[in-house]
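Novice: heads up, no residue letters with this:
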């Protein structure tokens, strides 16, 4: 799997895994496209993004709903995702670059149908980060 794209009217895309010499994942490129807004950020990890895989698998396992928000934040805080369930799954996300003076951030919301669509996203995320190339 070369990339994972989440969303329809806008999208959050995971692409271009970079690996260390031992094969472990060092980073991934995250891209946001929202009606005229486009941003890309390299996001680092120390755990092969297992925490992100667990986040999406947990959402999928509770596809019938949960109370409050479930949250994910990357190692350096440059990717944040908050999921709420109100009949649909709302993914509030933010990517940012704060490592430079006058950094930037871009936030948006994607809506997913619980059940099959959410399950497919979780499976694609897991396959994407577990594939060895």
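Specialist: Arrived safely. Everything numeric in this text was worked out from a predicted model, so none of it was measured.
Novice: any chance you could map the helices in this structure?
Specialist: Ranges of helices in the chain, per DSSP state H, are 50-61, 116-130.
Novice: take those and lay them out in JSON lines including distance to residue 100.
Specialist: Bear in mind the C-beta positions are built from the backbone N, C-alpha and C, glycine included. Listed next are the helices of the chain as JSON lines, based on distance: least, Cβ to Cβ, whole Å:
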{"stretch": "helix 50-61", "distance to residue 100": "24"}
{"stretch": "helix 116-130", "distance to residue 100": "27"}
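Novice: can you list those in CSV and add mean pLDDT?
Specialist: Shown next, in CSV, are the helices of the chain (pLDDT from 0 to 100):
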stretch, mean pLDDT
helix 50-61, 97
helix 116-130, 96
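Novice: closest one to residue 99 among these?
Specialist: Closest to residue 99 of the helices of the chain is helix 50-61 (Cβ to Cβ; 20.1 Å).
Novice: chain center to the closest one: distance?
Specialist: Mean C-alpha position of helix 50-61 versus that of the full chain (Cα atoms, centre = their mean, to the nearest Å) differs by 10 Å.
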